[in-house]
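> model this:
(6 chains)
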4 protein chains.
Amino acid sequence: MTPRTAKQFEAIRNSRRAQIMKTALELFAENGYQGTSISKISSRAKISKGLMYNYFQGKEDLLKTLIGEGINEILDLFDPNRDGVLTPEEFKFFINEIFSLMARKRKFYKLYFALMMQPSVRILTEQKINAVIAPMVSLLTDYYRRKNEDNPEMEALLMGALFDGIMLNYVFSPGNFPLDQIKDLLIKRFI
Amino acid sequence: MTPRTAKQFEAIRNSRRAQIMKTALELFAENGYQGTSISKISSRAKISKGLMYNYFQGKEDLLKTLIGEGINEILDLFDPNRDGVLTPEEFKFFINEIFSLMARKRKFYKLYFALMMQPSVRILTEQKINAVIAPMVSLLTDYYRRKNEDNPEMEALLMGALFDGIMLNYVFSPGNFPLDQIKDLLIKRFI
Amino acid sequence: MTPRTAKQFEAIRNSRRAQIMKTALELFAENGYQGTSISKISSRAKISKGLMYNYFQGKEDLLKTLIGEGINEILDLFDPNRDGVLTPEEFKFFINEIFSLMARKRKFYKLYFALMMQPSVRILTEQKINAVIAPMVSLLTDYYRRKNEDNPEMEALLMGALFDGIMLNYVFSPGNFPLDQIKDLLIKRFI
Amino acid sequence: MTPRTAKQFEAIRNSRRAQIMKTALELFAENGYQGTSISKISSRAKISKGLMYNYFQGKEDLLKTLIGEGINEILDLFDPNRDGVLTPEEFKFFINEIFSLMARKRKFYKLYFALMMQPSVRILTEQKINAVIAPMVSLLTDYYRRKNEDNPEMEALLMGALFDGIMLNYVFSPGNFPLDQIKDLLIKRFI
DNA sequence: GATGAATGAGAATTCATTCAT
DNA sequence: CATGAATGAATTCTCATTCAT
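Next up, the predicted model:
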């Protein structure tokens, strides 16, 4: 009736939407995309199945949205207004950021990895993901170029692979992979 | 008139079996385990759905067999009754072997990774896979212990993560990941 | 506009559920449990196959529910708050009840017998069924013991077998088996 | 080549045929008709699936043959060109025969009952079965008529039902149903 | 907005039967 | 006569999506 009511409606919508996405992320990470049914999501999110389709066009749309928002959050972190120069100090900061992000967003990365491995799903998300990978690689390459390494591209690839491997191990077996010690060793070895 | 001989039957079985496994590996790698239906496998293998069940007990059995054979091939490589001591020379050999294996068995590793990421599928294969991972980790740990590193376990984990990352990148984007150069750099940096 | 009320939903569920169970009982009785497909049930009940699974967990659950409800109705009749003593008068009453039940629930007994005969299905329902058989047998045994028969257990078994035989004949060939006359003769002969 | 060889072939055929039928009867009795696959029968009978179809037109033909032979054996027993008069002595003999038959042919009766309960299967065997039931009923009716019972048909039906019930109980729970004691009690009570 | 009943396509699996050899 | 590989239809069951209310 009143404007305030409209706002309340919107608040409800937003919170419900967030609730659905949170639940879906959890379930996708636990059981995989294909292994998670709309039914399970809606019941765990305590809404009706039908209502899901009021918030998302379908299961695929839900997935894309989830990945999209995850990527956006990451992009926000590594926000670009920097000069493109990575000093050793900044590198340390960068590593800290990545590791902290990893721990905070473990479920998202679990889903992200699981999806990366399924080429059929990958297509759905590839563009978004490349948008975040590319600048990191180029930042790293520049870093090694400035250090006058023989083959800065290769060094960047190797370091990128190392990050990937660390994430992989941490995300899927956090119990067996002490992130803090790994981080310290990484800094000691490579910076 | 006369029935087929036992040898003839065995030949048929072997070739069909191989044909099914090849097709299944491809499709599992392409679309994931859950994303691949028995129907798709059988039609791509140009056999009837029913025949699948003459060769494998079911989809799960097919998967396990696939993983099992892959693992066995790897174990054969790293099996040797060696003394458990890894010299730098042997480490180089080891790396060469891994990289060569990776290139030859790319599809298998793609599948292997895809499976690792799907928790629901993981349990089906975890035992087999651990059987091959564990000895490698302990070999690496010993290697670093002998080099008097402060924290050999952590060094082994880090190196393991690096291998994982390299495999991951190569397996999923071989075009963007020049394996030979990476290998050279790896040896130069770490041995 | 407004969603259906909870009551409306419940009414729909109850009627659908009853409709499915009625159809299933008929078909199970006609063609046996194994000889009746979910497809046939759903098409005769004019619903989709999928909807079956909204009401029952599966074919086995449907069967168990059917048996369960039948058994419960019987248990209600022979409800136990009696003193465990069966006088000749009560025995007459008991026989009348059984015969009346038989006539009213012919389809259920047809199913019940058909199931008893299929060992693979029997185990699914054995417990429930024993729960109703056992007290009747012990009631009969007591009756004969009080009459000072030499071998009350055997008398009870024989009478039980007679009931079974009567039910069997009536249930499967009601046209050739005049229940009323049989009942009268039974009472005349045995009480 | 020689006539003797031909005879040998026939002997092999006959024994193999008997072997198949024995196995099929066992499995049908254990798991029901629908619950028994041709595959199981042939493997337990140690022949190939294909050979089954050399001996029987199909599963249904196998069933009909089985029932047919069973019925024929029974008919042979009760066949005698007797005068149609049943004295009490003969009745005792008759009962003894039935009980002995029951014990010897338990598996057959188990199958027979299981089939009787499935109307769709019943049709396949009804004629054969009536051929054996009818004369028994008329024999019993005559017996009671001669004893000047008020309602000899009903007495015969009741006695027939009792036999059915006894068979039913014995065939499906031989452990709980001591046939000898039941027989003695039956003779004592009814003759 | 909200519900959950209802659908229908497709999944894994089983099995009687056929057929080349 | 004998084999068992091969087929295809049928079966049970799942699930994303639609829709009447």
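> For the lowest-mean-pLDDT helix or strand in chain A, enumerate the helices and strands it packs against.
Sorting the helices and strands of chain A by mean pLDDT, DSSP states H and E puts helix A:119-146 at the bottom, at a mean of 80. Using 3 or more Cβ pairs under 8 Å, 6 or more residues apart in numbering or on different chains; DSSP states H and E, the elements in contact with helix A:119-146 are helix A:59-77, helix A:106-116, helix A:152-172, helix B:6-31. To be clear about C-beta, it is placed using only N, CA and C from the backbone, and glycine gets the same treatment.
> buried stuff in the last one?
Buried residues in helix B:6-31, counted by 16 or more other Cβ atoms under 10 Å in any protein chain shown: B:16, B:20-21, B:23-31.
> same thing with stretch A:129-141?
A:129, A:136, A:139-141.
> Mind listing residues that contact that stretch?
A:67, A:71, A:74-75, A:78, A:80, A:84, A:86, A:94, A:112, A:116, A:152-153, A:155-157, A:159-160 (Cβ atoms under 8 Å, 6 or more residues apart in numbering or on different chains).
> State the pLDDT value of residue A:81.
If you check residue A:81, the pLDDT there is 51.
> hang on, the earlier thing: out of the helices and strands packed on helix A:119-146, nearest to chain D?
With Cβ to the nearest Cβ, the closest approach to chain D among the helices and strands packed on helix A:119-146 belongs to helix B:6-31: 11.2 Å.
> The closest one and chain A, any residue contact?
Yes: residues of helix B:6-31 are located near chain A by Cβ under 8 Å from any Cβ of the partner chain, namely B:30-31.
> how far does that helix sit from the chain's center?
18 Å (Cα atoms, centre = their mean, to the nearest Å).
> Check which helices and strands the helix or strand that it is followed by sits against.
Reading on from helix B:6-31 to the C-terminus, the next helix or strand found by DSSP states H and E is helix B:38-44. Helices and strands touching helix B:38-44, by 3+ Cβ pairs under 8 Å, 6+ apart, are helix B:6-31, helix B:49-55.
> With respect to chain C, which of those helices lies nearest?
Closest approach to chain C among the helices and strands packed on helix B:38-44 (Cβ to the nearest Cβ): helix B:49-55, 18.6 Å.
> Report the buried residues of that closest one.
Buried residues in helix B:49-55, defined by neighbour count with 16+ other Cβ under 10 Å: B:52, B:55.
> hmm, back to that, could you export the helices and strands packed on helix B:38-44 as CSV, including mean pLDDT and distance to chain D?
Conversion of those to CSV gives the following (pLDDT from 0 to 100; distance: least, Cβ to the nearest Cβ, whole Å):
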stretch, mean pLDDT, distance to chain D
helix B:6-31, 93, 11
helix B:49-55, 97, 11
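> Kindly reformat those as JSON lines containing distance to residue A:183.
Shown next, in JSON lines, are those (distance: least, Cβ to Cβ, whole Å):
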{"stretch": "helix B:6-31", "distance to residue A:183": "33"}
{"stretch": "helix B:49-55", "distance to residue A:183": "48"}
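> Of the contacts of stretch A:129-141, grab the buried ones for ChimeraX.
Buried members of these can be picked out in ChimeraX with the line below, counting by 16+ other Cβ under 10 Å:
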select /A:67,71,74,86,94,112,116,152,153,155,156,157,159,160
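> before we move on, the earlier item: I'd like the helices and strands packed on helix A:119-146 as CSV, with distance to residue B:167 appended.
Output for these, formatted as CSV (distance: least, Cβ to Cβ, whole Å):
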stretch, distance to residue B:167
helix A:59-77, 23
helix A:106-116, 13
helix A:152-172, 8
helix B:6-31, 14
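> Looking at chain A, what residue ends up closest to chain B?
residue A:165 (2.9 Å).
> rewinding a little: quick check, the least confident helix or strand of chain A touching DNA strand F?
No: judged by Cβ under 7 Å from any atom of the strand, helix A:119-146 stays clear of DNA strand F, getting no closer than 12.6 Å.
> Export the helices and strands packed on helix A:119-146 to CSV and append columns for distance to DNA strand F.
Shown next, in CSV, are the helices and strands packed on helix A:119-146 (distance: least, Cβ to the nearest atom of the strand, whole Å):
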stretch, distance to DNA strand F
helix A:59-77, 4
helix A:106-116, 15
helix A:152-172, 23
helix B:6-31, 4
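> Of all those helices, which one comes closest to residue D:8?
With Cβ to Cβ, the closest approach to residue D:8 among those belongs to helix B:6-31: 25.0 Å.
> Determine the set of other helices and strands touching the closest one.
Helix B:6-31 sits against helix A:119-146, helix B:38-44, helix B:49-55, helix B:59-78, helix B:106-117, with contacts defined as 3+ Cβ pairs under 8 Å, 6+ apart.
> thinking again about what came up before, relative to helix B:106-117, how tilted is the least confident helix or strand of chain A?
When axes from the mean of the first three to the mean of the last three Cα atoms, to 10 degrees is applied, the directions of helix A:119-146 and helix B:106-117 differ by 100 degrees.
> How about helix A:119-146 and DNA strand E, any contact?
No: using Cβ under 7 Å from any atom of the strand, helix A:119-146 stays clear of DNA strand E, with a minimum separation of 12.2 Å.
> my guess is residue A:114 contacts residue A:31, does it?
No: assessed by Cβ atoms under 8 Å, residue A:114 is found out of contact with residue A:31, at 9.8 Å.
> Show me chain A divided up by domain.
As assigned by automatic domain parsing, chain A contains the domains A:1-56, A:59-190.
> Redo the ones you listed as CSV? Include distance to residue B:183.
Shown next, in CSV, are these (distance: least, Cβ to Cβ, whole Å):
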stretch, distance to residue B:183
domain A:1-56, 33
domain A:59-190, 10
